[in-house]
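Colleague: my questions are about this predicted structure, shown below with the sequence.
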Amino acid sequence: RNLENIQADKTPGFIPEVLKLLRVCASKLKGSREDERAGMTKAMLYALHLCECLFGPYQEVISAKEKSKYKFAPAPLPPEFGAFFQESFQGGEQLPETLQLRLIHLFGAILSGSKPNALRAITPTAVEVLLGVLRRGVPGLLELALRGVVAVVHVLHGSSPGAGPVPLRVLLDGYFRVLNSDLPVASLAPEAAGGLIALRVLMLDAIPAMLSCEDRPVLQAVFLSNNCFEHIIRLLQNSKVFNGSSDAIAVHAIGVLTAIMSNSPSAKEVFKERIGYAHLYEVLRSQGQPTQRLLQELLNMAVEGDHSSFPVLPIRNEQPLLILLAWLPTLACRELQVFLSSRLRRLCEASLPSRLTC
């Protein structure tokens, strides 16, 4: 509560002792019986909350402008934190989920607290911990870990080149490897396939969040250098619709392609050269008849926004419209044909520039 007692240039002397206590408790918890866990779990929760208050006192504040209104700086992060964070997620037996949640929450608090602390916390082992949580795909932990990864991307992107111990391209490479796990959805049992689809959808949705930052064109260029288009297309190829029950991955993948190419002529050219819209069309067609959601997402790609908004957005990328025109005669559902025809006409007639584009 009394943050004025914390020196901005010196880590409080009790913090290393608190981290030592946390490491001992975490080690004992992993090998303890169920009836022995309650006391140690409670002690760890209190200690983790103390660390959150010290290293991220204003973690609920998102923007730097709002954060500047507050006068208390976070305490400097001690070097012992990295080893503690790594050890907490190592080994075969995991800590109780409530503690794992608080640990990832603490990591996020550090990232939002101050840039020096964030750069100290973002180590190769910390990044591997977050990616490991994504691989496990535990609901609750997964969403929080994704928020952490997005925050790490923003910190690294906003820092001077070489300032952080982990290059942004290394993080993105690991992220896309998790996204493109080797097991294709169609080879799994229905329950496991559903979990994998949910994981991939959440990971896809995090990419536009990563790109929502200052100096977006530079970050788009980093994504391009990490072969992001190839990763997304490979994901589409490996994620054939399971029993025809879901188009979620295709819909969200198109949304990611739109986000990466949005307002970037160079990104659109790179996509044409490396992938090509004809190949995208073939990959989508191989998954069977499209749903209305998928058609709508391609319409959104054409205007780089909500195609159903009013006034109608101008056409910024005509290539998805050419895909839809080619697909129109082959649609088995007459209602979809009528829907798509009316939407195409609406976009093409909306303005003089759009008519000229068409």
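Modeller: In hand now; what should we look at?
Colleague: use CA for all of it now, contacts and neighbours both
Modeller: Will do.
Colleague: tell me the buried residues in stretch 120-129?
Modeller: Neighbour counts over stretch 120-129 (16 or more other Cα atoms under 10 Å) mark 120, 121, 122, 123, 125, 126, 127, 128, 129 as buried.
Colleague: for those, which one is nearest residue 18?
Modeller: Nearest to residue 18 among the buried residues of stretch 120-129 is residue 121, at 17.0 Å by Cα to Cα.
Colleague: mind putting the buried residues of stretch 120-129 in JSON lines, secondary structure included?
Modeller: Compiled in JSON lines, these are given as follows (DSSP: H, G, I helix; E, B strand; the rest coil):
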{"residue": "120", "secondary structure": "helix"}
{"residue": "121", "secondary structure": "helix"}
{"residue": "122", "secondary structure": "coil"}
{"residue": "123", "secondary structure": "coil"}
{"residue": "125", "secondary structure": "helix"}
{"residue": "126", "secondary structure": "helix"}
{"residue": "127", "secondary structure": "helix"}
{"residue": "128", "secondary structure": "helix"}
{"residue": "129", "secondary structure": "helix"}
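Colleague: which one among those gets closest to residue 346?
Modeller: Nearest to residue 346 among the buried residues of stretch 120-129, with distances taken as Cα to Cα, is residue 127, at 46.0 Å.
Colleague: measure the nearest residue to that closest one once chain neighbours are set aside to residue 199 for me?
Modeller: Excluding its sequence neighbours, the residue lying closest to residue 127 (Cα to Cα, 6 or more residues apart in numbering) is residue 171, at 7.1 Å. For residue 171, the distance to residue 199 equals 18 Å [Cα to Cα, to the nearest Å].
Colleague: higher neighbour count, those two?
Modeller: More crowded of residue 171 and residue 199, by other Cα atoms under 10 Å: residue 199, with 22 against 19.
Colleague: can you classify the residue nearest the centre of the chain by secondary structure?
Modeller: Taking Cα atoms, centre = their mean, the centroid of the chain lies closest to residue 206, which sits 2.6 Å from it. Applying three-state DSSP to residue 206 yields a three-state assignment of helix.
Colleague: wait, what's in contact with it?
Modeller: Neighbouring residues of residue 206 by Cα atoms under 8 Å, 6 or more residues apart in numbering: 146, 147, 150.
Colleague: buried ones in stretch 263-272?
Modeller: Buried residues in stretch 263-272, counted by 16+ other Cα under 10 Å: 267, 268, 271.
Colleague: output the residues you listed as TSV; include the columns pLDDT.
Modeller: Putting the buried residues of stretch 263-272 into TSV (pLDDT from 0 to 100) gives the following:
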residue	pLDDT
267	95
268	94
271	96
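Colleague: out of these, which are inside helices?
Modeller: Secondary structure from DSSP state H places 267, 268, 271 of the buried residues of stretch 263-272 in helices.
Colleague: show me the contacts for the first one.
Modeller: Okay, so that is residue 267. By Cα under 8 Å, 6+ apart, residue 267 lies in contact with 220, 221, 224, 260, 261.
Colleague: at 10 Å instead, please
Modeller: 217, 220, 221, 223, 224, 229, 257, 260, 261, 273 (Cα atoms under 10 Å, 6 or more residues apart in numbering).
Colleague: any low-confidence regions in this protein?
Modeller: Where the chain drops to pLDDT under 70, the residues are 1-9, 58-72, 92, 182-193, 240-246.
Colleague: same thing but 50
Modeller: 60-65, 242-245 (pLDDT under 50).
Colleague: before we move on, the earlier item: closest to residue 42 out of the contacts of residue 267?
Modeller: For the contacts of residue 267, the minimum distance to residue 42 (Cα to Cα) is 41.9 Å, reached by residue 223.
Colleague: for this protein, just list every one of the strands.
Modeller: In the chain, no strands are defined using DSSP state E.
Colleague: ok so, going back, quick check, nearest of the buried residues of stretch 263-272 to residue 287?
Modeller: Nearest to residue 287 among these: residue 271, at 20.8 Å, using Cα to Cα.
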